[in-house]
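Engineer: this is a predicted model, with the sequence first.
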Amino acid sequence: MIVSSSIDKKIIFWDVMSKIAKQVIHLDKVSVEWLVYSVDYWVLFASSYEKYLQAFSFDTNDCYEAGKLLGHTATITAMEILKDTPMIVTVDEINFVKTWDIRDFRCV
């Protein structure tokens, strides 16, 4: 599986072997600029030119929006999962850095 995003406001999950889109998530506002995935927690984070991140969780067949990380007062410009931890770091355009615990977004 591979995930793509673009200015068309879609996140697309592709089956690499069949080259077929398995799921498409249509976003309401703006295009996705960043995607990061936590292998340990099966959570995908998407950042658009907004002040929040969207979290998408996986079960065995589907991906669904699990929530949002709210708290920045400026547009998020970068994010990264911290390896071997349940944390994601975000930075906004005024250089405010936040860390978030991502365990609450995993599929149970």
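Structural biologist: Looks like it arrived, so ask away.

Engineer: host element of the closest residue to I20 other than its chain neighbours?
Structural biologist: In space, I20 comes closest to W14 once its chain neighbours are excluded; the distance is 7.2 Å by Cβ to Cβ, 6 or more residues apart in numbering. Where you see a C-beta, it was placed from the backbone N, CA and C, and this is true even at glycine. Under the criterion of DSSP states H and E, W14 resides in strand 10-15.

Engineer: can you give me the buried ones in that strand?
Structural biologist: By neighbour count on 16 or more other Cβ atoms under 10 Å, the buried set for strand 10-15 is 11, 13-14.

Engineer: T90: which of the residues you listed is nearest?
Structural biologist: Nearest to T90 among the buried residues of strand 10-15 is I11, at 18.1 Å by Cβ to Cβ.

Engineer: how much space separates that closest one from L27?
Structural biologist: From I11 across to L27, the span is 7 Å (Cβ to Cβ, to the nearest Å).
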